[in-house]
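**Student:** Predicted model and sequence below, questions to follow.
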Amino acid sequence: MQVTFLGTSSGVPTLNRNVSAMVLKPPQRSELWLFDCGEGTQHQFIKSNLKLSQIKKIFITHMHGDHIYGLPGLLASIGLAGSSLGIEIYGPTPLKNFIDSCLYNSSSRLAYPLKFHQVENAAISQEILFEDSDLEVKTAPLKHRIPSFAYRVNQKNRPGRFNLEKAKSKNIAPGPVYAALQRGEEVRLDDGRIFSGKEFCGPPRPGVSMVYCTDTVYTESAVEISREADLLIHESTYSYKETDMAFQRGHSTATMAAQIAAKANVNKLILTHLSPRYTPGNETSPNDLLNEAKAIFPNTQLAKDFLQIDVKKTCNSS
């Protein structure tokens, strides 16, 4: 799976950073999942190599404007393009009323269906929010001034690597039967021989996992949903020097994000949602936040708009 950052500033946009938005491209699918949608997100799509028409799911963390103000316009633009068969939207309960009101009062009529999913119950009961044959999504409550939720996307275990040479040595002709064997199925050949896919596949390969966590002050629920994740994307609104302000406003410092990453034993941490006060030339810069986090969790990277990361077990950046 691949993530693309479209907005990495908190509160308001800056010259180089738009407000919150991140896109996930699930593996082996021609679709996109959008996480948060701050004002101007559709402009960021235009500047990127991503297509609005491929959005199939939208996950909203909370109802603050820098995470939702871009959503009505984005949905309307998708409708005008006439290329969507429907979008599923996950988020806090007030989200549906917000979208319905914006579309109604602007006389916007979508030519595709929206399906809303409230996330509160799944977050509290730790139930799976979404699941299919390849992926599952979980959510957890965070600690902010208003209800806020983290999301975790898990790729399920994949079949082991197919031993092509062994199949050839058994005189199994190439074709659809190879795919069936790789899926672990039992197949009967035309000559009557029966083979089990387990004979030709290595051990299952673990899938990758990504956690998106904003807005929140340090909380144990963020640690729990992030455990053993391959990639944790966590807000880092303030530096350690503004810890008191972070607690007052329900946001994290770079130190808090790193502490969560370390305690959860994640593979890689990416800092996002940076305060506009941290710009090059000011007393504290984004690199200072990065160094603050790396002192606790060395495998940390700073997000920037249009950064793309391939989520792998080694989390190599593209």
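**Tutor:** On my side now, so go ahead.

**Student:** Quick check: residue 8 touching residue 17?
**Tutor:** Yes. At 4.9 Å, residue 8 counts as touching residue 17 under the criterion of Cβ atoms under 8 Å. In this view, the C-beta of every residue, glycine as well, is placed from N, C-alpha and C.

**Student:** Compare those two (neighbour count), which wins?
**Tutor:** Remark: of residue 8 and residue 17, residue 8 carries more neighbours, 29 against 23, as counted by other Cβ atoms under 10 Å.

**Student:** which residues does that one contact?
**Tutor:** 17, 18, 20, 272, 273, 274, 303, 304, 305, 307 (Cβ atoms under 8 Å, 6 or more residues apart in numbering).

**Student:** again with residue 198
**Tutor:** By Cβ under 8 Å, 6+ apart, the contact set of residue 198 is residue 184.

**Student:** Ok, the one 5 residues further on next?
**Tutor:** Residue 203 makes contact with residue 160 under the criterion Cβ under 8 Å, 6+ apart.

**Student:** how about it, phi and psi?
**Tutor:** Backbone torsions of residue 203, given as degrees, to the nearest 10, read phi -60, psi 150.

**Student:** Residue 294 now?
**Tutor:** With angles defined as degrees, to the nearest 10, residue 294 sits at phi -70, psi -20.

**Student:** do the one 4 residues further on as well
**Tutor:** Dihedral angles of residue 298 (phi, psi; degrees, to the nearest 10) stand at phi -60, psi -40.

**Student:** Please apply the same query to the one 4 residues further on.
**Tutor:** For residue 302, the backbone dihedrals (degrees, to the nearest 10) come out as phi -100, psi 130.

**Student:** what's the burial count for it?
**Tutor:** For residue 302, the neighbour count with other Cβ under 10 Å is 19.

**Student:** Enumerate every residue touching it.
**Tutor:** Contacts of residue 302 by Cβ under 8 Å, 6+ apart are 270, 271, 286, 287, 289, 290.

**Student:** Just the pLDDT at it, thanks.
**Tutor:** With respect to pLDDT, residue 302 scores 97.

**Student:** Leaving out sequence neighbours, find the closest residue to it.
**Tutor:** residue 290 (4.6 Å; Cβ to Cβ, 6 or more residues apart in numbering).

**Student:** try residue 185
**Tutor:** Leaving aside its sequence neighbours, residue 185 sits nearest to residue 197 (Cβ to Cβ, 6+ apart; 5.2 Å).

**Student:** Residue 184 is in contact with the one you found, correct?
**Tutor:** Yes. Between residue 197 and residue 184 there is a contact under Cβ under 8 Å: 4.0 Å.

**Student:** Looking at these two, which one has more neighbours?
**Tutor:** Between residue 197 and residue 184, residue 197 has the larger neighbour count (other Cβ under 10 Å), namely 20 against 15.

**Student:** and the gap between the more buried one and residue 73?
**Tutor:** 48 Å (Cβ to Cβ, to the nearest Å).

**Student:** what does residue 265 give?
**Tutor:** In terms of Cβ to Cβ, residue 265 sits 40 Å off from residue 73.

**Student:** Could you give the number of residues near residue 307?
**Tutor:** 18.

**Student:** For it, which non-adjacent residue is spatially closest?
**Tutor:** With sequence-adjacent residues excluded and distances taken as Cβ to Cβ, 6+ apart, residue 307 is closest to residue 5, at 4.8 Å.
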